[in-house]
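Student: next comes the sequence, and after it the predicted model I'd like to discuss.
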Amino acid sequence: ASSVEAEFFKQLDKALKARGTLDVLRQGLKLIPNINFRFCFFKPASSLNPDLVRLYEANILSVIRQVRYSQKSENALDAVLFVNGIPVATLEFKNLLTGSTFKHAEKQYKSDRPPAGEPLLTFRRGALVHFALDEDNVSMTTRLQNGKTRFLPFNRGHEGGAGNPEVRDEFRVAYLYKDLPEGAAVFGRGKWLSVIGRFVHLEKNEGKEALIFPRFHQLDAVTKMMDHARTLGPGNNYLIQHSAGSGKSNTIGWTAHQAI
């Protein structure tokens with residue numbers, strides 16, 4: 001049995017290296033003909049097939065704090081999110097009360113989290129996304145490249161500008177982990193599996209690869225339109241106000257894809 005287990009993990013590691021975490025989560029792993037492993041079941045389009053609903057509900061979403069990930073250093077990540085045991089997101093938390101902000105978390109990723117030789121931090125092979133956050137703000141990146149790493153905001157926006165609005169009796173970043181009247185929690189089961197299954201995609205352009213993770217406003221716009229259409233049916237018009245560089249092409253693409 002132990003040799004079977006060792007072979008399984010060897011093949012899984014090989015698949016993650018060759019195809020990446022996203023593809024393994026979506027397509028599974030074929031060991032030999034007729035032995036297929038699935039690592040995630042996404043929400044079926046309807047509840048007509050009870051088996052598919054049961055499999056979707058059987059997904060195990062977990063979080064581990066203080067994850068020691070390196071054999072080269074004592075480094076630990078504040079938290080890692082997993083889907084059925086496969087790491088999908090890392091998080092570094094900062095506390096405004098101690099004078100540290102999400103910018104310090106970004107700096108930590110850039111200067112103290114070298115991805116070389118670290119499976120969890122390697123582009124495509126490791127976690128899909130890395131979040132830097134404090135009580136008020138969140139930013140994220142899908143590719144750690146030491147000093148060249150680019151973080152994008154993952155905030156909801158506040159009064160027509162950057163940042164996050166106040167949330168009563170909660171931190172401003174509560175939308176990540178708590179269902180609010182404006183929408184379900186980003187890390188909640190339904191939305192998080194939807195992000196992994198329907199939003200994240202590997203973009204290939206002239207030999208370069210980029211893992212596209214939706215920014216909050218994109219996820220919010222598409223989710224609201226889909227929920228509206230699902231509830232009230234087709235035939236409605238939608239107008240989204242956006243600014244230059246807000247990623248409208250992807251918002252259009254995700255909306256069209258999910259509408260189909």
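Tutor: Okay, I see it.
Student: tell me where this structure has strands.
Tutor: For the chain, applying DSSP state E gives strands covering 29-30, 36-37, 61-68, 76-83, 86-93, 129-133, 138-141, 152-153, 201-205, 208-212.
Student: those strands into JSON lines, with extra columns for mean pLDDT, mean neighbour count and distance to Gly183?
Tutor: For every residue, glycine as well, the C-beta is placed using N, CA and C. Formatted as JSON lines, the strands of the chain follow (pLDDT from 0 to 100; neighbours: other CB atoms under 10 Å; distance: least, CB to CB, whole Å):
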{"stretch": "strand 29-30", "mean pLDDT": "93", "mean neighbour count": "15", "distance to Gly183": "33"}
{"stretch": "strand 36-37", "mean pLDDT": "92", "mean neighbour count": "12", "distance to Gly183": "33"}
{"stretch": "strand 61-68", "mean pLDDT": "96", "mean neighbour count": "12", "distance to Gly183": "18"}
{"stretch": "strand 76-83", "mean pLDDT": "97", "mean neighbour count": "18", "distance to Gly183": "19"}
{"stretch": "strand 86-93", "mean pLDDT": "98", "mean neighbour count": "21", "distance to Gly183": "18"}
{"stretch": "strand 129-133", "mean pLDDT": "98", "mean neighbour count": "25", "distance to Gly183": "18"}
{"stretch": "strand 138-141", "mean pLDDT": "98", "mean neighbour count": "21", "distance to Gly183": "15"}
{"stretch": "strand 152-153", "mean pLDDT": "96", "mean neighbour count": "15", "distance to Gly183": "17"}
{"stretch": "strand 201-205", "mean pLDDT": "92", "mean neighbour count": "11", "distance to Gly183": "22"}
{"stretch": "strand 208-212", "mean pLDDT": "95", "mean neighbour count": "13", "distance to Gly183": "21"}
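Student: what's the neighbour count on Ala185?
Tutor: Counted with other CB atoms under 10 Å, residues neighbouring Ala185 total 16.
Student: got a list of what it touches?
Tutor: For Ala185, the contact set (CB atoms under 8 Å, 6 or more residues apart in numbering) comprises Tyr175, Leu176, Tyr177, Lys178, Asp179, Lys191.
Student: again with Arg172
Tutor: Glu135, Asp136, Asn137, Gly163, Asn164, Pro165, Glu166.
Student: how about a cut-off of 10 Å?
Tutor: For Arg172, the contacting residues are Asp134, Glu135, Asp136, Asn137, Val138, Asn155, Arg156, His158, Gly163, Asn164, Pro165, Glu166, by CB atoms under 10 Å, 6 or more residues apart in numbering.
Student: do Thr101 as well
Tutor: Residues in contact with Thr101, defined by CB under 10 Å, 6+ apart, are Lys94, Asn95, Lys107, Ala132, Leu133, Asp134, Glu135, Asp136, Asn137.
Student: same check on Val4?
Tutor: Contact analysis of Val4 by CB under 10 Å, 6+ apart lists Leu31.
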